[in-house]
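Colleague: Structure, please.
(chains A and B)
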Amino acid sequence: MEIVTLSLTLFIIAIIVMAVIYRKWAVSIESYVVAKRAASPWLNGLALFSTYNSAWAVLGGPGVCYSYGIVEFATFIGWAIGVFIILWYYLPLIRDLGAKYGATGLASYMEAYYGKRYVGIVAGIIAWYATLFYLVGQIKGIGLVLSYGTGISYDKAASLGVIIALIYLTLSGLRAVLFVDALCTLIMMSFCFTSLYLLFALGGGNILNTINTMYKFDPRTIFPTGEPYTADPITLWLFSTIVYSMWQFTPYAWQNYLALRSSKKTDLSIFVTLATVSGAFITWVSILGPVGRVFLPYKLKDPDTVVLEVSKYFLPSLYPIFICGLFATVLATLDSALLAASTDLYHAIKGIIKPLEKRVGSVNVLRIILIGTSVLVCYFAIVYMPVYMVYTMLIGMTGVSAALTGPLAVGLKWRKDPLAAIISLILSLIIAQLLVFYGITPWLTGCFVGLILSAVIYITVTLARSHR
Amino acid sequence: MIEKKKLEYLLIFGINAIILINGIIIPWTTMFTAPIAWIILGALLYYIYRRE
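Modeller: The predicted model follows:
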């Protein structure tokens, strides 16, 4: 336990030192939120690597794989295919238009692009609200990891994680976030490679032995049937690729997109490759789910803890790497999501808070919103700890990213129509959530319906209005 | 000589389609094939556009 606490403390000290070094970047909203739009593709891509990978990727995903086999491979690989294609074709547009309009996040970008204030207000509030749910899942992740690693209680661990993120977020904004996230990526990579090492070690140096043992135990661990998504495997892979393609429009990575220094194809290839490979590396961790089911001599009460249990049982000497890696991954997503949610809310309520802004300055207003949002999500994560992490985190975010198909995937490449953007965003989001909430369709199908509806409604309304 | 744009299109959609099919047929192997394929794809794209 002491080694875990020591390595975590060293990591936290490094983060805070970085924040103090970069505190001068918090002079204006432009440098505080998008780091003066001058981040190198290497740093930014590495940061995006760990921003993309959330508590779901390292705890919830392996948890699902523990119960149903490597079914989450479909979502990780499908999502990464989407990262490559969507980012390659949309990022130049997002980055360059963002710089032209001075956009600082999803909401301000949409408002500037569509030229109407109401678009920014609606998009900002929806983005903030959806990110809240996502953040609750992240904080559960941080609470679980820290309480496992150091032995302190879940409540204290969750609050501690949020306080650490808040320290460097309020001090220096995105510049510190990029460095912390890049550092987190390096720690996460060692954690991914350790997982791979375990896979080899369990088969006596040959990974095929490990796979064979798992196959003999239950063929479904290696060839999943498509549960719990109630789809056959082929449909699941195709669905995941399509639905998760739109995941790239989720609010929490927009700061990274807007902060990229240029949209040259060489910079783009570095940035996109770094961001994409994370999807493949995280499968190395999620295969620990079925490994836990086959090789652990006892059954787990909470499948979400499988990675922790596997590392504790098989690799006690490398356990600190696992804990630090998990902590780094969740922290990297938590900080970006907190910053994105606060920026979007700040943009949506800009009109109301103008007097306050004049008195204390815009960066300080953003800091107040950041602290308020953190307290709110921390309260929910502690008082109403979500039982199924995957559901809390994904339904909201996947739903929102699917609903953004019309306004962004279609709207950015085709005609722009502010009213169509808002109608398609709100209607598809409501219908998708109702479908899932009333159990009419499984959630992945609900999100898929939302995605199609969003595109169809956007096109229909745009055409109808242009004919008038 | 294939045009750069066509080559880019072919590479991006070709390699990603191969990864997708690989995943549908033998899911567990994508943990090795996908990272290698994407790093090669990124390097090739960088190489194509390095002089611009």
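
Colleague: switch to C-alpha atoms for all contacts and neighbour counts from now on
Modeller: Fine.

Colleague: List the buried residues in whatever helix or strand B:I48 lives in.
Modeller: B:I48 belongs to helix B:30-49 when assigned by DSSP states H and E. Within helix B:30-49, the residues that count as buried by 16 or more other C-alpha atoms under 10 Å in any protein chain shown are B:T30, B:M31, B:A34, B:P35, B:A37, B:W38, B:I39, B:L41, B:G42, B:L45, B:Y46, B:I48.

Colleague: Who are the contact partners of the most centrally placed residue in chain B?
Modeller: Centrality entry for chain B: nearest residue to the mean C-alpha point is B:I15, 3.4 Å, by C-alpha atoms, centre = their mean. Listed by C-alpha atoms under 8 Å, 6 or more residues apart in numbering or on different chains, the contact partners of B:I15 are B:A37, B:W38, B:L41.

Colleague: Put together JSON lines for those residues, with pLDDT and distance to A:S40 on each row.
Modeller: Formatted as JSON lines, those follow (pLDDT from 0 to 100; distance: C-alpha to C-alpha, whole Å):
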{"residue": "B:A37", "pLDDT": "93", "distance to A:S40": "24"}
{"residue": "B:W38", "pLDDT": "93", "distance to A:S40": "20"}
{"residue": "B:L41", "pLDDT": "93", "distance to A:S40": "20"}
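
Colleague: For chain A, tell me which of those residues show up nearby.
Modeller: B:W38, B:L41 (C-alpha under 8 Å from any C-alpha of the partner chain).

Colleague: which one among the contacts of B:I15 gets closest to A:L174?
Modeller: Of all these, A:L174 sits closest to B:W38, with 27.3 Å by C-alpha to C-alpha.

Colleague: and the two most separated of the buried residues of helix B:30-49?
Modeller: Put simply, by C-alpha to C-alpha the two of those set farthest apart are B:M31 and B:I48, 26.6 Å from each other.

Colleague: Quick check: which ranges of chain B have low pLDDT?
Modeller: Applying pLDDT under 70 to chain B picks out residues B:1, B:52.

Colleague: how much does the longest helix along it deviate in direction from helix B:30-49?
Modeller: When chain B is parsed with DSSP state H, its longest helix is helix B:4-25. Angle of helix B:4-25 versus helix B:30-49, following axes from the mean of the first three to the mean of the last three C-alpha atoms, to 10 degrees, is 180 degrees.

Colleague: So which bits of helix B:4-25 are buried?
Modeller: Result for helix B:4-25 [16+ other C-alpha under 10 Å]: buried residues B:E8, B:L11, B:I12, B:I15, B:N16, B:I19, B:L20, B:I21, B:N22, B:G23, B:I24.

Colleague: same thing with stretch A:292-307?
Modeller: Buried residues in stretch A:292-307, counted by 16+ other C-alpha under 10 Å: A:G292, A:R293, A:V294, A:F295, A:P303, A:D304, A:T305, A:V306, A:V307.

Colleague: What of stretch A:344-356?
Modeller: Buried residues in stretch A:344-356 (16+ other C-alpha under 10 Å): A:D344, A:L345, A:Y346, A:H347, A:A348.

Colleague: if we can go back for a sec, let me have the buried residues of helix B:4-25 in JSON lines, adding distance to A:I422 as columns.
Modeller: Output for the buried residues of helix B:4-25, formatted as JSON lines (distance: C-alpha to C-alpha, whole Å):
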{"residue": "B:E8", "distance to A:I422": "34"}
{"residue": "B:L11", "distance to A:I422": "35"}
{"residue": "B:I12", "distance to A:I422": "32"}
{"residue": "B:I15", "distance to A:I422": "35"}
{"residue": "B:N16", "distance to A:I422": "32"}
{"residue": "B:I19", "distance to A:I422": "35"}
{"residue": "B:L20", "distance to A:I422": "33"}
{"residue": "B:I21", "distance to A:I422": "36"}
{"residue": "B:N22", "distance to A:I422": "38"}
{"residue": "B:G23", "distance to A:I422": "36"}
{"residue": "B:I24", "distance to A:I422": "36"}
